[in-house]
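S.K.: sequence-free structure coming up:
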């Protein structure tokens with residue numbers, strides 16, 4: 001769960017998250033309904049609990065979607081969706097990882113190691 005701290009003008013000053021997000025650029029496909037065509041975009045950042053994605057269209061908050069991203073897939077709930085710099089950003093909270101749980105953990109471990117190396121933080 002994220003906690004947001006807002007300034008007097010309503011802008012987010014900073015946020016505190018339950019898990020660390022890592023910047024990435026991964027292709028992702030979302031399917032809203034079994035009968036509807038899929039929409040494709042990319043993952044901008046990811047954690048073990050969810051991801052921020054960039055999409056060509058807005059998706060309503062609260063909606064559950066199926067996703068497929070490189071070596072892992074599953075279902076997620078859309079927590080928020082808004083336009084940022086003429087593109088749609090959406091926050092996904094993972095409900096279930098149905099394929100590639102080990103691959104997702106390996107990706108996150110690799111990204112954590114890169115972050116530690118870049119900051120000079122020991123293991």
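M.R.: Right, received. Where do you want to start? The model shown is predicted, which means the values in this text are computed figures rather than measured ones. Numbers count the residues shown, from 1 in each chain.

S.K.: Where does pLDDT dip in the protein?
M.R.: 1-19, 115-123 (pLDDT under 70).

S.K.: any idea which residue sits dead centre in it?
M.R.: residue 51 (0.9 Å; Cα atoms, centre = their mean).

S.K.: could you say which helix or strand contains it?
M.R.: strand 50-55 (DSSP states H and E).

S.K.: Then residue 62?
M.R.: Per DSSP H and E, residue 62 falls between elements, in no helix or strand.

S.K.: now the one 4 residues further on
M.R.: If you go by DSSP H and E, residue 66 is part of strand 64-69.

S.K.: Is the residue nearest to the centre of the chain bridged to anything, and to what?
M.R.: Taking DSSP bridges as the rule, residue 51 bridges to residue 46, residue 92.

S.K.: coming back round to it: can you work out which other helices and strands pack against the next helix or strand after the strand holding residue 66?
M.R.: Later in the chain than strand 64-69, the nearest helix or strand by DSSP H and E is strand 72-84. Judged by 3 or more Cβ pairs under 8 Å, 6 or more residues apart in numbering; DSSP states H and E, the packing partners of strand 72-84 are strand 50-55, strand 64-69, strand 87-99, helix 101-119. In this view, the C-beta of every residue, glycine as well, is placed from N, C-alpha and C.

S.K.: The third one versus strand 72-84: what angle between them?
M.R.: Here strand 87-99 runs at 170 degrees with respect to strand 72-84, directions being taken by axes from the mean of the first three to the mean of the last three Cα atoms, to 10 degrees.

S.K.: Could you pull out the buried residues of strand 87-99?
M.R.: Neighbour-count burial for strand 87-99, counted by 16 or more other Cβ atoms under 10 Å, picks out 88-94, 97.

S.K.: could you give the angle of that strand to strand 64-69?
M.R.: Computed by the same axes, to 10 degrees, the angle between strand 87-99 and strand 64-69 is 80 degrees.
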